[in-house]
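Chemist: Structure for the following, please:
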Amino acid sequence: MAPINPANGKGTYEIRIGLWATEEQAFAVKERLTRALCPESEHSGPCEIPWSSAVLPPEAVDEGGDLYDELVTQAKIEGTY
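Modeler: Predicted structure coming up:
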(Lines give C-alpha, C1' and ligand atoms only; values in the text may rest on other atoms or scores of the structure.)
Protein backbone atom coordinates (compact mmCIF):
# COMPACT_ATOMS: atom_id res chain seq x y z
CA MET A 1 0.00 0.00 0.00
CA ALA A 2 1.27 3.44 -0.85
CA PRO A 3 1.58 5.95 1.99
CA ILE A 4 -1.53 7.85 3.00
CA ASN A 5 -1.58 11.56 2.19
CA PRO A 6 -1.92 13.28 5.59
CA ALA A 7 -3.60 16.31 3.98
CA ASN A 8 -6.64 14.37 2.78
CA GLY A 9 -6.32 10.89 4.33
CA LYS A 10 -6.29 9.22 0.90
CA GLY A 11 -3.98 6.40 -0.11
CA THR A 12 -3.72 3.53 -2.55
CA TYR A 13 -5.47 0.33 -1.54
CA GLU A 14 -5.41 -2.98 -3.35
CA ILE A 15 -8.37 -5.33 -3.51
CA ARG A 16 -7.54 -8.81 -4.74
CA ILE A 17 -10.08 -11.28 -6.01
CA GLY A 18 -8.88 -14.83 -6.46
CA LEU A 19 -10.74 -16.87 -9.08
CA TRP A 20 -10.40 -20.46 -10.17
CA ALA A 21 -11.20 -19.82 -13.81
CA THR A 22 -10.03 -20.04 -17.37
CA GLU A 23 -8.32 -16.99 -18.81
CA GLU A 24 -11.49 -16.19 -20.76
CA GLN A 25 -13.62 -16.39 -17.61
CA ALA A 26 -11.15 -14.23 -15.68
CA PHE A 27 -11.28 -11.50 -18.32
CA ALA A 28 -15.10 -11.69 -18.38
CA VAL A 29 -15.20 -11.12 -14.61
CA LYS A 30 -12.70 -8.27 -14.96
CA GLU A 31 -14.95 -6.64 -17.57
CA ARG A 32 -17.99 -6.93 -15.28
CA LEU A 33 -16.06 -5.41 -12.37
CA THR A 34 -14.81 -2.64 -14.66
CA ARG A 35 -18.40 -1.81 -15.63
CA ALA A 36 -19.41 -1.79 -11.95
CA LEU A 37 -16.66 0.70 -11.13
CA CYS A 38 -17.14 2.81 -14.24
CA PRO A 39 -20.53 2.18 -15.91
CA GLU A 40 -20.01 4.95 -18.46
CA SER A 41 -16.79 3.89 -20.20
CA GLU A 42 -16.72 6.80 -22.66
CA HIS A 43 -17.13 9.63 -20.13
CA SER A 44 -14.95 12.71 -20.42
CA GLY A 45 -12.17 13.11 -17.91
CA PRO A 46 -10.97 10.69 -15.27
CA CYS A 47 -13.21 8.69 -12.94
CA GLU A 48 -14.15 10.37 -9.67
CA ILE A 49 -12.04 7.80 -7.80
CA PRO A 50 -8.98 6.76 -9.84
CA TRP A 51 -8.60 2.99 -10.21
CA SER A 52 -7.02 0.32 -12.35
CA SER A 53 -7.43 -3.41 -12.84
CA ALA A 54 -5.39 -6.35 -14.04
CA VAL A 55 -5.64 -10.08 -14.58
CA LEU A 56 -2.54 -11.93 -13.42
CA PRO A 57 -1.49 -15.29 -14.85
CA PRO A 58 -1.33 -18.25 -12.45
CA GLU A 59 2.48 -18.06 -12.35
CA ALA A 60 2.33 -14.55 -10.89
CA VAL A 61 -0.32 -15.53 -8.36
CA ASP A 62 1.73 -18.57 -7.30
CA GLU A 63 4.48 -16.21 -6.14
CA GLY A 64 2.12 -15.13 -3.34
CA GLY A 65 2.46 -18.45 -1.55
CA ASP A 66 -0.60 -19.99 0.03
CA LEU A 67 -2.97 -17.03 -0.37
CA TYR A 68 -5.26 -19.09 -2.59
CA ASP A 69 -4.98 -22.55 -1.03
CA GLU A 70 -8.72 -22.51 -0.32
CA LEU A 71 -9.50 -21.94 -4.01
CA VAL A 72 -7.30 -24.86 -5.03
CA THR A 73 -8.84 -27.08 -2.36
CA GLN A 74 -12.36 -26.16 -3.53
CA ALA A 75 -11.41 -26.82 -7.16
CA LYS A 76 -10.12 -30.27 -6.17
CA ILE A 77 -13.36 -31.01 -4.28
CA GLU A 78 -15.43 -29.95 -7.29
CA GLY A 79 -13.24 -31.92 -9.69
CA THR A 80 -12.19 -28.87 -11.72
CA TYR A 81 -8.52 -28.95 -10.69
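Chemist: Where does pLDDT dip in this protein?
Modeler: Low-confidence segments of the chain (pLDDT under 70): 1-2, 61-66.
Chemist: where exactly do the helices run in it?
Modeler: Secondary structure of the chain (DSSP state H): helices at 23-37, 58-62, 69-78.
Chemist: Now these in CSV, please, with extra columns for distance to Pro6 and mean neighbour count.
Modeler: For the C-beta atoms, the positions are set from N, CA and C on the backbone; glycine is no exception. What follows is these, written out as CSV (distance: least, Cβ to Cβ, whole Å; neighbours: other Cβ atoms under 10 Å):
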stretch, distance to Pro6, mean neighbour count
helix 23-37, 26, 12
helix 58-62, 33, 11
helix 69-78, 37, 12
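Chemist: how about CSV for the ones you listed, with distance to Ser44 added?
Modeler: Below are the helices of the chain laid out as CSV (distance: least, Cβ to Cβ, whole Å):
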stretch, distance to Ser44
helix 23-37, 17
helix 58-62, 34
helix 69-78, 39
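Chemist: Trp51 is nearest to which of those?
Modeler: Among the helices of the chain, the nearest to Trp51 by Cβ to Cβ is helix 23-37 (5.7 Å).
Chemist: So what touches that closest one?
Modeler: Residues from elsewhere that reach helix 23-37 (Cβ atoms under 8 Å, 6 or more residues apart in numbering): Ile17, Leu19, Ala21, Ser41, Cys47, Trp51, Ser53, Ala54, Val55, Pro57.
Chemist: at 7 Å instead, please
Modeler: Helix 23-37 is contacted from outside by Leu19, Ala21, Trp51, Ser53, Val55, using Cβ atoms under 7 Å, 6 or more residues apart in numbering.
Chemist: Report the buried members of the residues you listed.
Modeler: By neighbour count, with 16 or more other Cβ atoms under 10 Å, the contacts of helix 23-37 hold no buried member.
Chemist: Widest-spaced pair of these?
Modeler: Farthest pair in the contacts of helix 23-37, by Cβ to Cβ: Ala21 and Trp51, 21.2 Å.
Chemist: Quick one: end-to-end length of stretch 47-54, please.
Modeler: With Cα to Cα, to the nearest Å as the measure, stretch 47-54 spans 17 Å from end to end.
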